[in-house]
Every structure is written in C-alpha cells, then in structure tokens.
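# heads up, no residue letters with this:
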C-alpha cells in the first residue's frame, strides 16, 4: 500500500527561512493577530508546498500561549479561576477581534485537546484551571519524537 508521509517528511528540503522564523516566533508570544497575518501572508507558499494544514496547527499553540500569558499576568487571587472576559480583553489589547462565544469555543477546544487542564463554568463565566498542571508540557501533549 501507499504510505502517507509524516509531517516531518513534508518539511524536508523546504526553504522556510523567509517565513517560518517569524511565524514560529509568534507562537510562544500568544500574539494570535500577528500569527494569523503571517499565516495569511505566506498561505500560497504553504499550500503549494503541502504544509499549510501543519502550519495552521500551530494556531492552537498560539492560543494556548495567549491563555497562559493571561493567567500569568492576572495571577488570580481565587486560585485558578479566570473570568472568560479577561481573555477577550487581552485579545482586544493585541488587536484581535474574538467574540465571547468564539473565545469560549477556543478554550473548550484547548481543554479537549489536552493543551491545558481545567473546565469552563458557564454559570460563573469562568475558566477554572487545574491546581497542579494547568499547562502540560508540549512534549507530554504531542509526545516526544512523535510524527
């Protein structure tokens, strides 16, 4: 049968020096607007090279970074509870227009995919993060050495 190449194989031999460093640098910063602009700017190149979907997956990491930075900035006095509106305010502060429902959906997906541990309290409109490991290491989430 035909074996599907791994994402790592898809990047072999590509010249990403002009676009990847800027895109990758935006991931840990949590600057979703900047990341999305970079993704749009180089979209055609990524599609032609067959790596667009792989690059787009980084968006989850950018959102996770945004949530983590928000948590670190706020240093919640009530343990690990953060009002949902705080994430919208931080996103607005960097120029990203993300509605409340969209932000709640993003947070729910990050929890579902294991990028952070916690739950959303709809009644209190709060994100409640785990007391222990709210933000698991990337290697534990994606598996060290996985393709």
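Now that the structure is in, tell me what you want to look at. Here the structure is a predicted model, which is why all the values come from computation and not from measurement.
# buried set for stretch 116-132?
By 16 or more other Cβ atoms under 10 Å, the buried positions in stretch 116-132 come out as 116, 117, 118, 120, 126, 127, 128, 129. To be clear about C-beta, it is placed using only N, CA and C from the backbone, and glycine gets the same treatment.
# so who does the second one touch?
Looking back up the chat, that one is residue 117. 111, 129, 130, 132, 133, 134, 135, 136 (Cβ atoms under 8 Å, 6 or more residues apart in numbering).
# Over to the fourth one?
Residues in contact with residue 120 (Cβ under 8 Å, 6+ apart) are 84, 104, 107, 108, 111, 126, 127, 128.
# Recalculate using a threshold of 7 Å.
104, 107, 108, 127 (Cβ atoms under 7 Å, 6 or more residues apart in numbering).
# try the last one
For residue 129, the contacting residues are 71, 80, 116, 117, 118, taking Cβ under 7 Å, 6+ apart as the criterion.
# So what sits opposite it in the bridge?
residue 118 (DSSP bridges).
# For residue 116, see how far away it is.
Distance, residue 129 to residue 116, by Cβ to Cβ, to the nearest Å: 7 Å.
# Over to the fifth one?
Residue 126 sits 14 Å away from residue 116, going by Cβ to Cβ.
# picking up where we left off before, save the contacts of residue 129 as CSV, and put in pLDDT too.
Converted to CSV, those look like this (pLDDT from 0 to 100):
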residue, pLDDT
71, 87
80, 86
116, 94
117, 95
118, 95
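# what two of these are the furthest from one another?
Greatest spacing in the contacts of residue 129, by Cβ to Cβ: 71 and 117 (12.0 Å).
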